[in-house]
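Asks: heads up, no residue letters with this:
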């Protein structure tokens with residue numbers, strides 16, 4: 001352990017039973033015994049702190065996530081597909097169900113001649129349109145601080161053109177760690193909808209989403225790095241996103257390979273990982289469910 005971590009970087013007092021030192025909030029390089037000492041040492045520490053904070057951020061940003069932000073279907077426990085059309089979010093509990101499990105539940109209830117469908121996860125009766133039940137379910141989930149419900153509410157306000165209210169809900173959901181909310185906020189700050197354009201906040205929200213496993217956000221970061229001439233960083237983003245099954249990132253890697261920015265071995269490894277990630281989301285039951293809902297023209 002360095003001396004900077006056992007004594008105050010400003011006054012030099014050592015950490016003992018009656019003196020508790022606190023780390024700099026932005027880096028792990030130094031400790032201080034008081035806010036006064038931290039303030040006095042600020043200018044001296046500024047450059048080293050900024051450099052180390054950037055290193056720590058990169059370590060977090062480029063850590064390969066175990067799965068995409070979509071996670072697994074809570075019923076079949078298989079990874080949820082990145083394609084949003086192949087799953088449904090149940091309003092009653094804000095749980096995302098794959099088409100296969102949703103279809104299997106409807107099939108079972110049809111065979112049992114149920115009058116009213118139920119949620120395959122929480123088993124509550126499906127809320128009926130035009131009765132106020134849908135709106136009540138949404139309010140209840142939002143009051144329970146459910147980030148998925150908040151993000152959906154934000155999306156509804158955004159579709160209506162009410163960007164101010166959309167930002168309120170997205171911000172609350174993002175504070176609770178919702179990757180989709182971070183991604184939506186990045187778009188609003190990029191386009192200046194409801195807020196002033198702010199590329200700093202665009203990057204921040206894209207990074208937060210990418211850290212949580214959002215491959216589209218990571219692909220956007222990769223495109224930004226590529227446009228800025230940071231090819232190495234761009235490729236790292238594309239490879240991580242492709243490994244999660246993201247098609248556009250795989251296409252970007254193929255383009256990078258043609259431009260000599262990615263080796264044949266790197267491209268082949270990414271392609272194998274991409275195929276594996278996509279295949280992990282497939283099953284005969286999901287195929288049947290997708291066909292059923294496609295022919296039906298709606299989901300419920």
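Replies: Here it is on my side, so go on. All values derive from a computational prediction rather than experimental measurement.

Asks: just the pLDDT for residue 294.
Replies: Residue 294 is assigned 87 on the pLDDT scale.

Asks: can you tell me how far it sits from residue 81?
Replies: Using CB to CB, to the nearest Å, one gets 14 Å for the distance from residue 294 to residue 81. Backbone N, C-alpha and C define where each C-beta goes, glycine included.

Asks: which of the two has more residues huddled nearby?
Replies: Using other CB atoms under 10 Å as the criterion, residue 294 and residue 81 rank with residue 81 on top: 22 against 12.

Asks: who touches that one in this structure?
Replies: Residue 81 sits next to 70, 87, 98, 245, 281, 286 when contact means CB atoms under 8 Å, 6 or more residues apart in numbering.

Asks: and which of these is nearest to residue 217?
Replies: The shortest gap between residue 217 and any of the contacts of residue 81 belongs to residue 70, at 12.5 Å (CB to CB).

Asks: count the neighbours of the closest one for me.
Replies: Using other CB under 10 Å, residue 70 has 23 neighbouring residues.

Asks: before we move on, what about the one 3 residues further on?
Replies: Burial of residue 73, expressed as a neighbour count using other CB under 10 Å, amounts to 25.

Asks: surely it and residue 97 touch.
Replies: Yes - here residue 73 lies in contact with residue 97, judged by CB atoms under 8 Å, at a distance of 6.1 Å.

Asks: hey, where'd the helices end up in the stretch 51-200 of the chain?
Replies: Using DSSP state H, counting those that start in this stretch, the helices of the stretch 51-200 of the chain run over 99-111, 133-143, 147-159, 163-175, 179-191, 199-211.

Asks: list the helices and strands the third one packs on?
Replies: Applying 3 or more CB pairs under 8 Å, 6 or more residues apart in numbering; DSSP states H and E, one finds that helix 147-159 contacts helix 133-143, helix 163-175, helix 179-191.

Asks: among these, which is the most enclosed?
Replies: Greatest average neighbour count among the helices and strands packed on helix 147-159 goes to helix 179-191 (a mean of 22), per mean count of other CB atoms under 10 Å.

Asks: ok, and what's touching it?
Replies: If you take CB under 8 Å, 6+ apart as the criterion, helix 179-191 is touched by 69, 147, 150-151, 154-155, 158, 163, 166-167, 169-174, 193-195, 197-199, 201-203, 205-206, 208-209, 212-214, 216-217, 220.

Asks: tell me the angle it makes with helix 199-211.
Replies: Angle, helix 179-191 to helix 199-211, by axes from the mean of the first three to the mean of the last three CA atoms, to 10 degrees: 160 degrees.

Asks: how distant is helix 179-191 from the center of its chain?
Replies: Remark: helix 179-191 is offset 11 Å from the chain centroid, using CA atoms, centre = their mean, to the nearest Å.

Asks: I'd say residue 92 and residue 126 touch.
Replies: Yes - with contact defined as CB under 8 Å, residue 92 reaches residue 126; the gap is 7.2 Å.

Asks: show me the common contact partners of the two, please.
Replies: Common neighbours of residue 92 and residue 126, counting by CB under 8 Å, 6+ apart, are residue 119.

Asks: more crowded one of these two?
Replies: Legend: neighbour count by other CB under 10 Å for residue 92 and residue 126, higher for residue 92 (21 against 17).

Asks: pull the number of nearby residues for residue 160.
Replies: Around residue 160 there are 10 residues (other CB under 10 Å).
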